[in-house]
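Participant: Whatever this is, show me its structure:
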Amino acid sequence: LVDLAISVNESSDGASSKTYTLIRNLDFNDDSSYKNPTSTTYGDINRDGKIDDIKTELTSSKGFPMIGINGTLKNENDEDYTVETSFQGVFDGKGYSISNLYIDSPSLTCNGLFSNISDGAEIKNIKLLDSKVNGGIEKFGSLVGCAKAKEKQVTLDNITVTATVNGPSANAGGLIGYSEGTEANKVIVNNITANTNVSVGSAYAGGLIGTSNNTEINNIEITSNVSQAGGIVGQAINTNVDGGNVNTTIIGKSGNGGTGGILGSSQTPASIKNLNIKYDITSYNIIGGVLGNSSGYATIDNINVLTGSTIKSSSDSVGGLVGSGGANISNSEVNADISVGYSSGGILGYGGGTISDSTFNGNITSNSTYEIRYVGGIAGSFSGKIENVKSNGKLKFDCSALNVGGIVGDNTNGSSSSLNNVNSTMNLNMKYGSNVGGIVGSTNGDIENATANLDITFTDNSSSNSHIGGIAGFTGSSIVNNATYIGTISSGTTFNVAGL
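Facilitator: Modelled structure (predicted):
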């Protein structure tokens, strides 16, 4: 590996068209992985200003020198010079492992076993175990710091990684720090098994990739613990995820675009399909169990959020799948308990699009002492069509509430908003409220084929409630057809109460 790093770092072609294969397991901490662990032949290979034996050079101070390099180094006269080299060949691990990689290069960008890989590079069939990557200016990953596909596709396939990545600034990923392709030549990430712990000083940490652009991610098995942003990707641009199982714990920070179990934020319409996910997310940011903040209309299809998933937040725009933005959501089920602020829902918090053939099972709660607004079993504040959905569980607030519904809190934005074939068994419980309905709190859209089998309870009998309905709290120009309410509305002083 050291010889490969030297060869690539001193070459101009990046090992293009060359194939390298691993012929046995390697462990940086094991003497048997070295020809001679006490040799000083390679000199100051880690560039820390002193010469130690090769094993010490690679396992302490700045650690492994990386394959491909990006940043400022010093020559033999202690003069700064800038270097950027990139691996463009094929590295085939043949199923063997590399263990206990250690890198800590604070003056360089793109830190990883492979610092830079680019046009035509392929890394496959490798296990990278118990690696630790620290430091750097930005863009940190255990296997790859930066992957860039401009003239040719870049591929990572059949890789297992267990890693801890700590980035002091931006773009840290358990596998790749930063990936960027083009519409014609993408970065392809396939068949990854990962267990990662990722933290970042400023923005965009992901269990797999810090920031991705024109990247395809397929068939992922990952357990991630992330300081903020995304269980798979922190910030996504033109990125799609298809297939896999995700178990993620995220402790997010405010700002930085959003926090999501799959993607923290997406600056372009993302596609996320065919995933099972269990999440435990704590954040004061925009939060989505799958996608935190969506620009454009994301496609979310066939997502199963597993029982035991939780979101703990008092922020606005919280959703079991999408926190904020546009989305077309279908064929999905969310089993989760969610604590919320304004504009929050079991599937989508704040936004528009379509939600169809989907179910929420769980509890949506708030411990706020202030008024909660725009909360629903499926969506909080939503503009668009909702059809063939069910919500089960309870909505419970220790405060007053405005625009709360078993399916959607507020559905008044947009003339095309509608609810069709919707069913809720979510009991609604709050101190007192206005515009509260078993199906929708407030709407201008039509309601057709709706059933609410639930109780609506107000716990403060000394306060007034207004616009309370078994189906809808407040309707503008809506047409309601074939709607059924079964349950009890219990309150103190109440104005404008109706069975529907």
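
Participant: number of nearby residues for N213?
Facilitator: Using other CB atoms under 10 Å, N213 has 21 other residues around it. Heads up, the C-betas are built off the backbone N, CA and C, glycines and all.

Participant: thinking it is in contact with N240, fair?
Facilitator: No - in this structure, N213 is not within contact of N240 by CB atoms under 8 Å, at 11.9 Å.

Participant: State which strand of the chain is the longest.
Facilitator: Taking DSSP state E as the criterion, the chain has its longest strand at strand 291-312.

Participant: After that one, which helix or strand is next?
Facilitator: Toward the C-terminus, strand 291-312 is succeeded by strand 318-319 as the next helix or strand (DSSP states H and E).

Participant: Just after that next one, pick out the following helix or strand.
Facilitator: strand 322-330.

Participant: hmm, who's touching that following strand?
Facilitator: Strand 322-330 is contacted from outside by 258-260, 266, 269, 286-288, 290-302, 317, 321, 343, 347-358, using CB atoms under 8 Å, 6 or more residues apart in numbering.

Participant: Mind checking which of those residues are buried?
Facilitator: Buried members of the contacts of strand 322-330, scored by 16 or more other CB atoms under 10 Å, are 258-260, 266, 269, 286-288, 290-295, 297-302, 317, 321, 343, 347-353, 355-358.

Participant: Quickly note the distance from A163 to G177.
Facilitator: For A163, the distance to G177 equals 12 Å [CB to CB, to the nearest Å].

Participant: Of the two, give the one with the bigger neighbour count.
Facilitator: The residue with more neighbours, out of A163 and G177, is G177; 37 against 25, by other CB under 10 Å.

Participant: Please save the CA atoms from stretch 278-295 in PDB.
Facilitator: In PDB, the C-alpha atoms belonging to stretch 278-295 read as follows (Å, rounded to 0.1, in the frame of the first residue of the first chain):
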ATOM      1  CA  LYS A 278     -34.800   2.300  11.800                       C
ATOM      2  CA  TYR A 279     -33.900   5.700  13.100                       C
ATOM      3  CA  ASP A 280     -33.300   7.500  16.400                       C
ATOM      4  CA  ILE A 281     -32.900  11.200  15.600                       C
ATOM      5  CA  THR A 282     -32.500  14.100  18.000                       C
ATOM      6  CA  SER A 283     -32.100  17.600  16.500                       C
ATOM      7  CA  TYR A 284     -33.300  21.200  16.600                       C
ATOM      8  CA  ASN A 285     -33.200  21.300  12.800                       C
ATOM      9  CA  ILE A 286     -35.700  20.500  10.000                       C
ATOM     10  CA  ILE A 287     -36.000  16.800  10.400                       C
ATOM     11  CA  GLY A 288     -37.200  14.000   8.200                       C
ATOM     12  CA  GLY A 289     -36.900  10.300   9.000                       C
ATOM     13  CA  VAL A 290     -35.700   9.800   5.500                       C
ATOM     14  CA  LEU A 291     -35.100  13.300   4.000                       C
ATOM     15  CA  GLY A 292     -34.700  16.400   6.100                       C
ATOM     16  CA  ASN A 293     -35.000  19.300   3.600                       C
ATOM     17  CA  SER A 294     -36.100  18.700   0.000                       C
ATOM     18  CA  SER A 295     -35.700  21.100  -2.900                       C
END
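
Participant: so how far does stretch 86-98 reach from one end to the other?
Facilitator: Its start and end residues considered, stretch 86-98 measures 20 Å (CA to CA, to the nearest Å).

Participant: got the buried residues for it?
Facilitator: For stretch 86-98, burial by neighbour count (16+ other CB under 10 Å) applies to S86, F87, Q88, G89, V90, F91, D92, G93, S97, I98.

Participant: On the strand side of things, show who the second one bridges to.
Facilitator: The bridge-partner assignment for F87, based on DSSP bridges, gives I117.

Participant: That one and I69 touch, don't they?
Facilitator: No - judged on CB under 8 Å, F87 makes no contact with I69 at a distance of 10.1 Å.

Participant: what residues are shared contacts of these two?
Facilitator: N116.

Participant: can you map out the strands along the stretch 151-300 of the chain?
Facilitator: With strands called from DSSP state E, counting those that start in this stretch, the stretch 151-300 of the chain shows them at 154-167, 172-173, 176-180, 187-200, 205-206, 209-226, 233-251, 259-260, 263-266, 271-282, 287-288, 291-312.

Participant: what about the residue nearest to S105 when sequence neighbours are not counted, how many neighbours?
Facilitator: Closest residue in space to S105, ignoring its immediate chain neighbours: K62 at 5.1 Å, by CB to CB, 6 or more residues apart in numbering. By other CB under 10 Å, the residues close to K62 number 24.

Participant: for the chain, which helix is longest?
Facilitator: helix 2-9 (DSSP state H).

Participant: average model confidence for it?
Facilitator: What helix 2-9 shows for mean pLDDT is 89.

Participant: Now stretch 421-431 - C-alpha only, PDB.
Facilitator: What follows is stretch 421-431, C-alpha atoms only, in PDB (Å, rounded to 0.1, in the frame of the first residue of the first chain):
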ATOM      1  CA  ASN A 421     -60.000   7.500   0.700                       C
ATOM      2  CA  VAL A 422     -58.400   8.500   4.000                       C
ATOM      3  CA  ASN A 423     -58.800   6.800   7.400                       C
ATOM      4  CA  SER A 424     -57.700   7.900  10.800                       C
ATOM      5  CA  THR A 425     -57.900   6.200  14.200                       C
ATOM      6  CA  MET A 426     -55.600   8.800  15.900                       C
ATOM      7  CA  ASN A 427     -57.000  10.100  19.100                       C
ATOM      8  CA  LEU A 428     -56.500  13.800  19.400                       C
ATOM      9  CA  ASN A 429     -55.700  15.100  22.900                       C
ATOM     10  CA  MET A 430     -54.700  18.700  23.700                       C
ATOM     11  CA  LYS A 431     -55.200  21.400  26.300                       C
END
